[in-house]
Structures are given as structure tokens and as C-alpha cells.
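1. Return atomic coordinates for the entry below.
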Amino acid sequence: MTDHPTATRRPVISVRVRLVVAIVISVALGLLAVGATVYLVERASTIDQIDQRLEDNLASARYLVSEGLDGRAWTSSEDALDAVVQRMSPDDNTGVVGVWDSEAQRVPGVPLDLDLVRDAPGFIDHVVALTDEAGAVIGATYAEEGVRWRYLAVPIEIPDSPAPASALFVMAFDIDAELAEINDARDAYLTVSAIVIVAVGVIAGIVAGRLLRPLRLMRTTAERVSAQSLGERLPVEGRDDVSQLAGTMNDMLDRLDTALDSQKQLLSDVRHELRTPLTIVRGHLELMDPTDPRDVRETQTLALDELDRMSELVKGLSEAAALHGPSPVHPVAVDVADLTAQIVRKAGAIVGSEVTAGPAAETVAVLDPARVTQAMLQLAQNGVTHGGGRLVIGSTLAEDRLEMWVRDAGPGVPPDARSTIFERFTRGPGAEAPGSGLGLNIVQMIAQAHGGEALVRDARQGPGSVFVLSLPAPGARPPASPPTGHGGVPPRPPLPGAGGGVPTAPTATATPSIRPSGERPWHPSS
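-> Here you go, the predicted model:
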């Protein structure tokens, strides 16, 4: 025996948590993207401003060196360097120094924010070495522990200067000090963003909880629902998608409840219907004298008859199950008059029937001709079994409804039985006649599959009932050509004196029925 490892159950993360996490992450990424973009743009702008101020100070220094002091030219590089350093007006966060012979010997006469010698001991050596190799340096960055400076270093040379040493003018801006205001704004933005993210998470959790409340109710309701308890329903609040889902869930529970009730009723009915023939067969088999040939034959005949009844019951249940399938009908455009004529001819083949054609609706309707024919022949069989066999079959169109009907000459259906006669295993007058009790129920299911209904009315003249298959026929129109019979054969013309009726082909046990001369055409409401 092989041991199968037990699958590790993954932790369940609720939709609410996932939704809140997704919202919080989205907001955080959005705030981060906006903040980072603004910060980088402002930082680059500040660096550009520092470089521009370095350029402006360099231009002032060059002007002073080239024009001299009070119009007098400089006589030495040392004098020019000293004048440039002393007359420079540094900005905030700035330091200036004059380097003579690689030593910082000149400083302005005003206090400076930066001491380029003490704050960064290696700065002067770095600048001297760099200018020896590259000459003037403008807009470079120097970083040492605790400092980051943006600086320029420009040699000052006076032609024919008596001093052989080199003169170097150096100015630097403190980058961190210049960016302090932006960094403070960045820190404030991050603090506010964190507060906003927390607030969004809390609000999203509350809102998501309220919006998803119907889903939680659905889950708990589904956990409580069982085959014995389908009475739970969800409260429908609001008009959003989740509320509509709750309504759809209630509709599904209604259908499940109805299906369960139908299943229970079917099992009860089948048990009741099968109990009688099984009891009869068992009782006769137990009492049968196997030594008496006559008793054996009679018991055999009775048992076969009861088995036929059970076979008919199973056949009816199969038909009912098919009508409960996903596609019980296949509607097509049908010439109703032609279909009515075909049904009249087919009904004439039922043993014991005397069928007369009534008026037929001259229209084209969308329906399943096979299923409608099945329902109408079942009504005809019902009329033969319970109504004596004299039938009138026709169709009429009124107010966008097509009515296919069968009139019999039986005792009629009591008013109190009309609401139940189409239910499963329900029998009306003449219940002692053979049958499974499913025929009229199948007729009702066929009508409902078309969006219609089956009903029964009293015949206004004479005895009998009118069984009607009432189907919706929106936009029904006259046929494009005169109605034809099955296979393109025109329907048979009325016999002389029939008053427009079309008699059917004779059956094996009865002669054709012909309406007496002078009888007016019959309508189901007449």
C-alpha cells in the first residue's frame, strides 16, 4: 500500500484582506512615484542653481581680473588673487579661499558659512592636484566624511607677474545645506504619506467589509444550506453588483428549493404508483396455484399487464426528464396551418378516435414542431381515453398568442380539478382508464418550455372539454405561401357537406367522422 503525502493546506486569505492590501499597495506606489519624481526634479533644479551661481561668481572674478582695479591693470597674480578674494560677496552656504603656491593663504574679509580648510582638510590638496592636471574646474563635486561640496577652482594668471608661484581662486557650495529645505519637505511628505496610507487602509477595510458583507452572508448561508434546509435567503440591500449577486443567489436557492420539492414529490409519487402494481403482482404470485394451468395463465396475463403499466410509467418519466434538460425544445419558423393539418392526420391513427379538423390559424410561428405535435397527440390520446374518441383539432391566433386545441366529447373536467389536472400522476374523471398519469404533465412541460401554458376549458356548446396549448407568438405573420401538407403535399380539401372540416384517414377500428351538412365551423370558445 502506497502512502500518499497529505497536501499542505494553504492559509486562506479573505477577499477583504486581499482587496485592502491591493488598495494600500497601489496608493503607496502612487504616492512614492509622485514624491520621488517631485524630489528628483527639485534636487536637479537646486544643483543647476548652484552651478549657475558658481558661473556668475566666476564671471565676476574674471571681470575683475581682466579690467583691473579702478582701471589700473594688475601687476602680479598675487595682487589679483587677493583682490578677487577680498571683494567677493559669497552667498549662504558658501566658502571662498585663495590658494597661493599650493597653500590656502587668502580668505574674504567677511564671515563665511564654510571653512574650506578646516571643514575638509583634504580639499585643498585635491583641488591643487586636479587643477595641475586639468586646469580650471567648474561644477565638480567633492565628498568627504560629513561634507559634500559643489565647487569651482580657477587659476589666476597675470602676464609678466614677478611672482613665480601659482594663484588659484576656489569657491564651494555646501550641497547638503542647499538641499536641506527640499529634504525637510521630503521627510514631511513621507510622514504625511505614511499617515495617508494607514488611513486609506482603515477606510478601505471598513468600506470593503460593508461591500463584501453579502458575500460573507452567502458563504455562511451556503454552509447552513443542506438538502433538508433550503429556506435560508440573503438580504438584498442597495443596487450595486454585490446586491444583485445576492438576489441572483436567492433566485438560485429558490430554484434549488423547487427542484428539491419536485424531487421529493416525484419520489413519493413514483413510490405510490409502483406500489400498487407490485402489490398486485406479488399477491397473485403468492396465491397462484402452480398446478392449475388456468390460474397460471391468468396470473401471467395480469402480471404482464401490470409490468406494461410500470413500463409506461418509466417511459413517461424519461420524457419528463428530457423536458427538464438544457435544451428541451428547438424552435423554428413553422406554418401553423400546415402543422395543424399534420396533427389532425396523425391523430386519426389513434385507435378509437374520430377526428375532425377545426379551423386552423393561417400564420407562421416560431415553435418546436416535434414537441408541439407530441403534446397535441397526447391531448388527442387523452380525449380518446377519457372523452369517448370524438375529437375536433384546430388552432387559432389571438393577441400574439397561438392556441392549439383539442375538443373532446367526454364528461368534462370539474372546475376544482382544472388547476391540478396537469400535475404529475393526477387523473381526472375516468381515472379507472389505463395510463401513467404523466401525459398531461408532459403537455404542460412542453408548453412551459415554449414560454406558454396548457389549460382546459368547457365547451360552450355540447358536452366535453377543450384542452388548449397556449403558446406566445409575438410577431406572428401570414405564411409566405399557401399551407402544404407533410412533404410538400397540399392538405386534402374538405369533403362536400363538411362545412370546411377536413376528415382524417380512417383508423383501424373506426370510420372517418364527417361533420353533418350545415353545421357551422367550430371554434374552441364556441
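2. hey, where'd the strands end up in the stretch 201-350 of the chain?
-> All strands of the stretch 201-350 of the chain, identified by DSSP state E, counting those that start in this stretch, fall at 332-335.
3. low-scoring stretches of it, by residue?
-> 226-229, 269, 272-273, 321-326 (pLDDT under 70).
4. Kindly confirm my reading that Glu362 is in a helix.
-> No - per DSSP: H, G, I helix; E, B strand; the rest coil, Glu362 lies outside any helix segment and is coil.
5. so how many other residues sit close to it?
-> Burial of Glu362 is recorded as 15 neighbouring residues (other C-beta atoms under 10 Å). Placement of C-beta: from N, CA and C, glycine included.
6. so how far is Leu397 from it?
-> 8 Å (C-beta to C-beta, to the nearest Å).
7. now swap in Ala454 and tell me
-> 17 Å.
8. top helix in the protein by residue count?
-> Using DSSP state H to define each element, the chain has its longest helix at helix 15-67.
9. And that one, how far out from the chain middle?
-> Distance of helix 15-67 from its chain centroid, counting by C-alpha atoms, centre = their mean, to the nearest Å, is 45 Å.
10. packing partners for it?
-> Helix 15-67 is packed against helix 77-87, strand 137-144, strand 147-156, strand 167-174, helix 175-178, helix 180-211, with contacts defined by 3 or more C-beta pairs under 8 Å, 6 or more residues apart in numbering; DSSP states H and E.
11. related to what we said a few turns ago, and for Glu362 and Leu397, which residues touch both?
-> Val336 (C-beta atoms under 8 Å, 6 or more residues apart in numbering).
12. How is Ile158 assigned, secondary-structure-wise?
-> Assignment for Ile158 (three-state DSSP): coil.
13. Test my guess that it contacts Ala80.
-> Yes - using C-beta atoms under 8 Å, Ile158 is in contact with Ala80, at 5.4 Å.
14. The two: who's more crowded?
-> Per other C-beta under 10 Å, whichever of Ile158 and Ala80 has more neighbours is Ala80, with 25 against 19.
15. Local confidence estimate at that one?
-> According to the prediction, Ala80 has pLDDT 85.
16. now swap in Glu157 and tell me
-> Glu157 is given a pLDDT of 81.
17. any idea how far Val107 is from it?
-> Per C-beta to C-beta, Glu157 is found 21 Å from Val107.
18. More neighbours: these two, which one.
-> Neighbours were counted for Glu157 and for Val107 using other C-beta under 10 Å; Val107 has more, 16 against 11.
19. Tell me which residues touch the closest residue to that one other than its chain neighbours, please.
-> Nearest-residue entry for Val107: Val97, 5.9 Å, with adjacent residues in sequence omitted and distances by C-beta to C-beta, 6 or more residues apart in numbering. Going by C-beta under 8 Å, 6+ apart, Val97 touches 85, 104, 106-107, 116-117, 124, 170.
20. Keep only those of those residues that are in strands.
-> Counting by DSSP state E, those place 104, 106, 170 in strands.
21. So among these, where is pLDDT lowest?
-> Among those, Arg106 has the weakest pLDDT, 74.
22. need the contact list for that residue.
-> Residues near Arg106 by C-beta under 8 Å, 6+ apart: 81-82, 85-86, 97-100.
23. For Asp257, see how far away it is.
-> Counting by C-beta to C-beta, the gap from Arg106 to Asp257 is 100 Å.
24. Identify the contacts common to Ile158 and Ala80.
-> Common contact partners of Ile158 and Ala80 (C-beta under 8 Å, 6+ apart): 65, 74.
25. May I see the buried residues of stretch 27-37?
-> Neighbour counts over stretch 27-37 (16 or more other C-beta atoms under 10 Å) mark 27-28, 31, 35 as buried.
26. Stretch 199-218 too?
-> 200-201, 204-205, 208, 211-212, 214-215, 217-218.
27. do the same with stretch 276-286
-> Buried positions in stretch 276-286, judged by neighbour count with 16+ other C-beta under 10 Å: 277, 281, 284.
28. Glu319: which of those residues is nearest?
-> Nearest to Glu319 out of the buried residues of stretch 276-286 is Pro277 (C-beta to C-beta; 19.4 Å).
29. give me every residue that touches that closest one.
-> Listed by C-beta under 8 Å, 6+ apart, the contact partners of Pro277 are 306-307, 309-310.
30. contact partners of stretch 441-456?
-> For stretch 441-456, using C-beta under 8 Å, 6+ apart, the contacting residues are 316, 319-320, 323-324, 328-329, 331, 367-368, 371-372, 374-375, 378-379, 401, 413, 418, 421-426, 440, 465-472.
31. if we go to 6 Å?
-> Residues from elsewhere that reach stretch 441-456 (C-beta atoms under 6 Å, 6 or more residues apart in numbering): 319-320, 323, 328-329, 367, 371, 375, 378, 413, 418, 422, 424, 465, 467-472.
32. Okay, Leu212 and Gln378: tell me how far apart.
-> Leu212 is 51 Å from Gln378, by C-beta to C-beta.
33. Which residue ranges of the stretch 201-350 of the chain form helices?
-> 213-224, 241-287, 293-323, 336-347 (DSSP state H, counting those that start in this stretch).
34. Can you list the strands that the host helix or strand of Gly394 pairs with?
-> If you go by DSSP states H and E, Gly394 is part of strand 390-398. Using DSSP bridges, strand 390-398 pairs in its sheet with strand 354-357 (parallel), strand 401-407 (antiparallel).
35. got the buried residues for it?
-> 390-397.
36. Pick out whichever of those residues sits closest to Ile195.
-> Nearest to Ile195 among the buried residues of strand 390-398, with distances taken as C-beta to C-beta, is Leu397, at 72.8 Å.
37. State the distance from the closest residue to that closest one other than its chain neighbours to Glu453.
-> Leaving aside its chain neighbours, Leu397 sits nearest to Ala361 (4.2 Å; criterion: C-beta to C-beta, 6+ apart). With the distance defined as C-beta to C-beta, Ala361 ends up 18 Å from Glu453.
38. Those two: who's more crowded?
-> The neighbour comparison of Ala361 against Glu453 (other C-beta under 10 Å) goes to Ala361, with 23 against 15.
39. List phi and psi for that one.
-> Main-chain torsions, Ala361, degrees, to the nearest 10: phi -70, psi 120.
40. circling back: CA atoms only for the strand holding Gly394, dumped as CSV, please.
-> Extracted C-alpha coordinates of strand 390-398, given in CSV (Å, rounded to 0.1, in the frame of the first residue of the first chain):
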residue,chain,number,x,y,z
ARG,A,390,-64.9,12.1,-30.9
LEU,A,391,-62.3,14.9,-31.3
VAL,A,392,-62.0,18.3,-33.1
ILE,A,393,-58.5,19.6,-33.5
GLY,A,394,-57.6,23.1,-34.6
SER,A,395,-55.6,26.3,-33.9
THR,A,396,-56.4,30.0,-33.5
LEU,A,397,-54.3,33.2,-33.2
ALA,A,398,-55.4,36.0,-30.9
